[in-house]
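J.: kindly generate the corresponding structure for this input.
(chains A and B)
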Amino acid sequence: DSGVTQTPKHLITATGQRVTLRCSPRSGDLSVYWYQQSLDQGLQFLIQYYNGEERAKGNILERFSAQQFPDLHSELNLSSLELGDSALYFCASSVDWTAPSTDTQYFGPGTRLTVL
Amino acid sequence: LAKTTQPISMDSYEGQEVNITCSHNNIATNDYITWYQQFPSQGPRFIIQGYKTKVTNEVASLFIPADRKSSTLSLPRVSLSDTAVYYCLVGGGAGGGNKLTFGTGTQLKVEL
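T.: Next comes the predicted model:
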């Protein structure tokens, strides 16, 4: 158990809909990362937040957005869903991003999103 | 973004040493290299991290040559439970590349 929690574990929805994935980081971690894992694209970095502020952006679509709240939990919002958005979405957390000892990422169990 | 490639799969037997390579030709000066292990339907689990030369911990060693364009994860005396997918991750680190790039992943299969 990494200490990172993600809800829900599974999510089934229809094309065109909007969903919200939730992540709670490990106690004491200030940085949260979101990743998408699919069979054809592998593990793709989406976005990183640090202490409530966006720090880095990867291959995140404009239909997707995220935020980190004052209590440090994070939400990933996916809208206008398409069949190709079906994937595993992982959240990871780290203490911060400034040094090897503190930027090690610990991953949650993931949310499996199925778009029908 | 750093492009990272790995062999798709490797086979080994229990008790052998396994070396998995990752190629990252476009690594940035301040990027670190981290390796993760992933079992089916689970999140990646941290194995080891390094910047250059050699790093060793209780489960693995990481070799990074001077040009840093590749890295090698070494697993000593593997067991059946080491059957998993192994990923390298390039990026991060203080002031380093904040674009995190995972490798393509290597499926390691360990047999008796």
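
J.: need the residues of chain B near chain A, please.
T.: In this structure, chain B approaches chain A at residues B:32, B:34, B:36, B:41-46, B:49-51, B:87, B:89, B:91-94, B:98-102, B:104-105, judged by CB under 8 Å from any CB of the partner chain. Yep, even glycine has a C-beta here, placed from its N, CA and C like the rest.

J.: drop anything exposed from the residues you listed.
T.: When burial is judged by neighbour count using 16 or more other CB atoms under 10 Å in any protein chain shown, the buried members of these are B:32, B:34, B:36, B:42-44, B:46, B:49-50, B:87, B:89, B:91-93, B:98-102, B:104-105.

J.: let's see which of the residues you listed end up in strands.
T.: Using DSSP state E, the subset of those located in strands is B:Y32, B:T34, B:Y36, B:F46, B:Q49, B:G50, B:Y87, B:L89, B:G91, B:T101, B:F102.

J.: among those, which one has the lowest pLDDT?
T.: Sorting those by confidence puts B:G91 at the bottom, with a pLDDT of 85.

J.: buried residues in stretch B:20-31?
T.: In terms of neighbour count (16+ other CB under 10 Å), stretch B:20-31 has its buried residues at B:I20, B:T21, B:C22, B:S23, B:H24, B:I27, B:A28, B:D31.

J.: the second one and chain A, how far apart?
T.: Applying CB to the nearest CB, to the nearest Å, the value for B:T21 to chain A is 17 Å.

J.: contacts only, for B:Q42.
T.: Contact analysis of B:Q42 by CB atoms under 8 Å, 6 or more residues apart in numbering or on different chains lists A:P109, A:G110.

J.: can you pull the phi/psi pair for it?
T.: Backbone dihedrals for B:Q42, given as degrees, to the nearest 10, come out at phi -130, psi 160.

J.: re the thing from before, of the ones in strands among the buried ones among the residues of chain B next to chain A, closest to chain A?
T.: The shortest separation between chain A and any of these is 4.0 Å, and it belongs to B:F102 (by CB to the nearest CB).

J.: so who does that closest one touch?
T.: Taking CB under 8 Å, 6+ apart as the test, what B:F102 contacts is A:Y35, A:G42, A:L43, A:Q44, A:F45, B:T4, B:Y87, B:C88, B:L89.

J.: same thing but 7 Å
T.: Applying CB atoms under 7 Å, 6 or more residues apart in numbering or on different chains to B:F102 gives the contacts A:G42, A:L43, B:T4, B:Y87, B:L89.

J.: for A:G28, same thing?
T.: A:V95.

J.: give me phi/psi at it?
T.: Listed backbone geometry of A:G28 is phi 90, psi -10, with angles given as degrees, to the nearest 10.

J.: and if you look at A:L83?
T.: Dihedral pair for A:L83: phi -60, psi -40, per degrees, to the nearest 10.
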